[in-house]
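Undergrad: What shape does this take:
(chains A and B)
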Amino acid sequence: MSGFRTVLCVGGLVVASFLLALSDRYYMDVFILTCFYGTLAVSWNLMAGLTGLMSLGHALFVGIGAYSVAWGASAQGWPPLVTWPLGVAIAVAAAAIIGMLCFRYGLRGYFFAIATLAFNEVAFFSVSASVALGRSDGLILPTSSEDSLLMLQFFDKWPYGLIIGVILIATLAIGQHLLTSRTGYYWRALRDNEEAAEALGVNARAYKLRCFMLSAGISAFCGAFYANYVAFVDPRSVLGIDLSIQMLVYSIIGGMSLLWGPLLGAVLLVPFSVMLRNISAIQGGEIIAYAVLLIVLALVLPQGIAGWLTARWRRRSAVSRPEGFAAPERSA
Amino acid sequence: MTFGIFLQAVGGGLANAAIYALIAVGLTLVFGVMRIINFAHGEFLMIAMYGGYFAWSLLGIDPALAILLVTPLLALTGMLLYSTVIRFALKVPEINQMAVTLGLSLLLQHLALVFFTGDNMLVTQPRATAGVVLGPVVIQVTHLIACGASLLLLGILYLVLKRTDFGLVMRAVAQSRDGAALSGIDISAVYKWAMAVGIGTLGVTGPLLVSILYANPHVGALFTLKAFVIVIVGGLGSFGGVLIGALIVGLAESIAGAWLSASIAAAVPFAILILVLLLRPEGLMNRSLAR
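TA: The predicted structure is shown next:
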């Protein structure tokens, strides 16, 4: 299965579920949340799964996007047309600075993860102390009684679903395009063996930085969307470590070696946790369930569900083709 | 900020530093020996705090004595954790290891929320409000006890690591896993004991901490992050580094708290961590546990 066909299939499924979700506000909400977390997890995994950089501070970029929109709208009255690009630009710049600092000293693995976490925490506590950004209380976006396309304010949920669906499909398309390009091969080479890749002439620092900036930009986009959708941001919801952990959870469970693996994780878990939240009497029951799932899957299925499925599929198609010369193509 | 308040902040910072050091030493021991970072470290501290609290509220045992009950229980938990989860986690890639311990942290927090509710719980004894006056500085008795116990245990741990066969074996495994295995050391047993000691030390901190700071299901996360900072500032896997790191973090946090606001003080340890990671990523004391 070629990579772009996969993206087309996944995109088709996204469109189909959007159309199904049109029937009910509640379903649309689940669709929006799934796409939101799915896009975040896919962007996180561009770094973690494809380039081998584990960030535990990705909420920082979501927060930058969300706070740019919220502050711009509430303090300055700026429309999303201005604040979205602004948020993305700040996030990309922040990623560039953090990346340059970290990669200069070759921070890797646990050290890179904890460094990104530290930057995230500094931002979290600074925002919690900043009066202009609403301290821990957060910022409420001004709303009017009329729908406004310019301010991205709608009574119905479907326009939001449309926006996040487009963001998700665009993210997958960009990711797939990069993966089949020189950049993508460099990224995977860096993931598998950084020293060897460098010895062959890959500029490790530049390519890791590029990946970090792209991933941060997409996360900020999602953050900006979140601010307009919920019309309220506070440090806990957009800068908290929980958000970064969620990206990791979906990616590990879905499968980190594939572009769409994290999306599968989000598709399986987000509706599941929304559902459990509604029926379960135990508080936090859904988190207990997915923490157990995370531990078990991380131990027994390191490739994630998507990795396991594709491995099975490949094995089956290899058996059904006795000629043997048509080696199954590597799908991203 | 007057000089008196500054001294008070230094006094409080030093007392905190001793407690932080004991929390961080378990994390660094496990990392030094097994090369795994336990993101659920703070959650075991949280459990130890609840242990101290319930020993006091249900059985009427003084927290200082509850240590004798909670520490063996935690050491046992550490061993169980090794043989049920961590043993398998050592065989998967680093990112999966992270996922496993992060999952464990989430799991323990939310189980605590179910079993212990989200209420803050604090041991309130007459001595909790008593203070010792040292010139311009007043230090609470509970702080002093926790600080003294931490220093004592750190001393004992140091001697055990340096002077006994048990410590020798630990250091050998930290230095070279394969070399130690070739010399006939049972690696799996050493790992099990490293977990037992690493988590067992929290059994001392927890009950003493619960008369200073309230216990709630999420209190551990705070300490996990601080322990990371201390361990990395000092140099991962280094015993002396933990002391230096704890001193720096404890003092900086306490002085920033007196001088600026509480939110800024909370950000200070992370700012220090960023500085250290950028200027000297191997940590301030780059002498690993192995030496």
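
Undergrad: use CA for all of it now, contacts and neighbours both
TA: Noted.

Undergrad: I'd like the next helix or strand past the lengthiest helix in chain B.
TA: Determined from DSSP state H, the single longest helix within chain B is helix B:3-34. Remark: after helix B:3-34, the chain's next helix or strand is helix B:41-57, criterion DSSP states H and E.

Undergrad: Can you list the helices and strands that that next one packs against?
TA: Helices and strands touching helix B:41-57, by 3 or more CA pairs under 8 Å, 6 or more residues apart in numbering or on different chains; DSSP states H and E, are helix B:63-81, helix B:94-116, helix B:202-209, helix B:219-234.

Undergrad: To chain A, which of these lies closest?
TA: In terms of CA to the nearest CA, the element of the helices and strands packed on helix B:41-57 nearest to chain A is helix B:94-116, at 4.7 Å.

Undergrad: Let me know whether the closest one sits next to chain A.
TA: Yes. Applying CA under 8 Å from any CA of the partner chain, one finds helix B:94-116 in contact with chain A at B:94-97, B:99-104, B:106-107, B:110-111, B:113-114.

Undergrad: residues of the longest helix of chain B that come out buried?
TA: For helix B:3-34, the neighbour count (16 or more other CA atoms under 10 Å in any protein chain shown) marks B:6-34 as buried.

Undergrad: any idea of the mean pLDDT in stretch B:136-145?
TA: Mean pLDDT, computed over stretch B:136-145, is 83.

Undergrad: That one: which residues count as buried?
TA: Residues B:Val137, B:Ile139, B:Gln140, B:Val141, B:Thr142, B:His143, B:Leu144 are the ones in stretch B:136-145 that count as buried (16+ other CA under 10 Å).

Undergrad: Cross-check the contact I'm expecting between B:Leu113 and B:Val219.
TA: No. Contact criterion CA atoms under 8 Å: B:Leu113 and B:Val219 do not qualify, at 11.4 Å.

Undergrad: shaky segments in chain A?
TA: The model of chain A has pLDDT under 70 over residues A:1-3, A:280-284, A:319-332.

Undergrad: Can you tell me the centre-most residue of it?
TA: A:Leu40 (1.4 Å; CA atoms, centre = their mean).

Undergrad: before we move on, the earlier item: identify, out of the helices and strands packed on helix B:41-57, the most deeply packed stretch.
TA: Stretch with highest mean neighbour count among the helices and strands packed on helix B:41-57: helix B:202-209 (a mean of 30; mean count of other CA atoms under 10 Å in any protein chain shown).

Undergrad: Run through who's touching that one.
TA: B:19, B:22-23, B:26, B:44-53, B:63-64, B:66-67, B:70-75, B:142, B:145-146, B:149-150 (CA atoms under 8 Å, 6 or more residues apart in numbering or on different chains).

Undergrad: separation between the spatially closest residue to A:Gly161 that is not a sequence neighbour and A:Gly265?
TA: What sits nearest to A:Gly161 in space, not counting adjacent residues and going by CA to CA, 6 or more residues apart in numbering or on different chains, is A:Ile32, at 5.2 Å. For A:Ile32, the distance to A:Gly265 (CA to CA, to the nearest Å) stands at 15 Å.

Undergrad: Please apply the same query to A:Leu209.
TA: Counting by CA to CA, the gap from A:Leu209 to A:Gly265 is 26 Å.

Undergrad: Residue ranges in the stretch 151-291 of chain B under the pLDDT threshold?
TA: Checking the stretch 151-291 of chain B against pLDDT under 70 turns up B:281, B:283-291.

Undergrad: Check whether the longest helix of chain B comes near chain A.
TA: No. Using CA under 8 Å from any CA, helix B:3-34 never reaches chain A; the gap is at least 11.0 Å.

Undergrad: Quickly find the element holding the residue nearest to the centre of chain A.
TA: In the assignment (DSSP H and E), A:Leu40 maps to helix A:25-51.

Undergrad: next SSE after that helix?
TA: helix A:59-71.

Undergrad: Next, the residues that contact that following helix from outside, please.
TA: Contacts for helix A:59-71 (CA under 8 Å, 6+ apart): A:80, A:83-84, A:86-88, A:90-91, A:119-120, A:123-124, A:133, A:139-141, A:216-217, A:219-228, A:231-233, A:235, A:238-241, A:243-244.

Undergrad: So for that helix, what gets flagged as buried?
TA: Buried-residue list, helix A:59-71, by 16+ other CA under 10 Å: A:59-71.

Undergrad: can you check stretch B:147-162 too?
TA: By neighbour count with 16+ other CA under 10 Å, stretch B:147-162 contains the buried residues B:Cys147, B:Ala149, B:Ser150, B:Leu151, B:Leu154, B:Leu157, B:Leu161, B:Lys162.
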